[in-house]
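In: this is the structure alone, sequence omitted:
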């Protein structure tokens, strides 16, 4: 990617969807104060929710997090303005009842839905053109009464993005179109998919006990009891009992009508409905994430060249809050990412530590600490360019997988993480400042607000205060950053928001 040597170096944020959306205004303020571009790197491995049905019928990348970020970036506007109406349209989800959802979709396609109110005819007809194209493609693929598209809880924004991708043949062109319609200033803020592809890319996870979970939704937010597979002797995860069931899927849809050759049965299930707050704990820690092809074999897809270009021209790299193994690491393990981060001119590589422990960074008996987060990020980066630190080797002749003891070569932690911003309180990951200092990593504790359980009785984590986080990022990135020494500040941050204050309700 060609860059202008005189242009200000940008900020690169690795993130997923919903969690990081809460910090969009924070990053926007830092970008504005630094007068530089801001790039969000978003993975496309999500196979849950509305995206799962689009992938089932059309294939293609998981687009939900990309759409979510683009719509979140729409500038604030008066409630009755066209921009507000467009934001509402692309944020809208269809009814949770299948029949009602189908009728609602038809009213949107017909142009009679109330969601079109306040949108000018010119823009309405442009958007409707892509809805009509998608609707035609859905009808062409229908095989009633079994193989039909399920509109239940479908995201209208996801439907538009898919229609635009099918029309243009380009995922990034579809992103550009949605961003342009939404008024996102692409010269200042960029939403870039980690992989530029029109095909689905799924991930698998191995646990420390050797079992394997297939598919991002099953790893992060399973809609049913997580299917745990024993470690395979070969890269293929298509087990014998699954091969016997490959002639038809669980919902009676003829396999040959609906799925690509070799598609894993565990990836053919609908994952439309799931809970992000109520999930079972994993039996052991996640040890590794990798990409798989439709047959379940490990692959090493290359990163989007635009992502590599942004990293190579960055003044700061930020690993945002969110699911560590399904929001951050799927981008880091892509071929080229580790090398780009190692060679990046960015002096500051900042991890914003989660304010709570989730399913991926458990189990409760052995939760991840800040050191574990750093190690996972560094190992992912090293894995992206085959450094062998994972101790996992593939025989090129037989495709057999063998696992050996982890390499004794120390991981270059500070090449991936130089600073950690974190909260402290019930439910937050433990931060061992002395151990992190030995690793060469600076830490800064921030003010936050407690998060309670649904019944309001239990504190489950802490949420960042936007003002404190903006100030901390600016300090680390140049406004007094050299004065920071392992969790204390000599000045520059409002004392009311500092690290030594207790966490407030």
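Out: Here it is on my side, so go on. The shown structure was predicted, so the numbers you read here are calculated from the model rather than taken from an experiment.

In: quick one: residue 22 from residue 45, how far?
Out: From residue 22 over to residue 45 the distance is 21 Å, taken as C-beta to C-beta, to the nearest Å. Bear in mind the C-beta positions are built from the backbone N, C-alpha and C, glycine included.

In: how about the contacts made by the residue lying closest to residue 440 once chain neighbours are set aside?
Out: Distance criterion C-beta to C-beta, 6 or more residues apart in numbering; nearest residue to residue 440, sequence neighbours excluded, is residue 414 at 4.2 Å. Counting by C-beta atoms under 8 Å, 6 or more residues apart in numbering, residue 414 touches 349, 439, 440, 441.

In: out of residue 22 and residue 45, which sits in the more crowded spot?
Out: More crowded of residue 22 and residue 45, by other C-beta atoms under 10 Å: residue 45, with 27 against 15.

In: now residue 25: closest residue in space that isn't a chain neighbour?
Out: Using C-beta to C-beta, 6+ apart, the nearest residue to residue 25 is residue 466, at 6.4 Å.

In: nope, residue 55 is what I was after
Out: Counting by C-beta to C-beta, 6+ apart, residue 55 lies nearest to residue 200, which is 5.3 Å off, once chain neighbours are set aside.

In: pLDDT wise, what is the one you found at?
Out: Residue 200 is assigned 92 on the pLDDT scale.

In: now residue 490
Out: pLDDT, residue 490: 31.

In: please give the element, helix or strand, for residue 429.
Out: Applying DSSP states H and E as the criterion places residue 429 outside every helix and strand.

In: residues contacting residue 165?
Out: 60, 63, 171, 173, 174, 198.

In: switch to 7 Å and redo it
Out: 60, 171, 174, 198 (C-beta atoms under 7 Å, 6 or more residues apart in numbering).

In: that one and residue 174, how far apart?
Out: Residue 165 is 4 Å from residue 174, by C-beta to C-beta.

In: next: residue 77.
Out: Distance of residue 77 to residue 174, computed by C-beta to C-beta: 23 Å.

In: between the two, which has more neighbouring residues?
Out: More neighbours surround residue 174 than the other of residue 77 and residue 174, with 25 against 14 (other C-beta under 10 Å).

In: so that one sits in a helix?
Out: Yes: the assignment for residue 174 by DSSP: H, G, I helix; E, B strand; the rest coil puts it in a helix.

In: so where's the protein uncertain?
Out: For the chain, residues meeting the criterion pLDDT under 70 lie at 1-6, 223-263, 265-279, 387-409, 479-505.

In: one more time with 80, if that's ok
Out: Along the chain, the parts satisfying pLDDT under 80 run over 1-7, 145-146, 221-279, 386-410, 453-457, 459-460, 479-505.

In: and the helix or strand harbouring residue 53, what does it pack onto?
Out: Under the criterion of DSSP H and E, residue 53 resides in helix 50-58. Contacts defined by 3 or more C-beta pairs under 7 Å, 6 or more residues apart in numbering; DSSP states H and E place helix 50-58 against helix 156-168.
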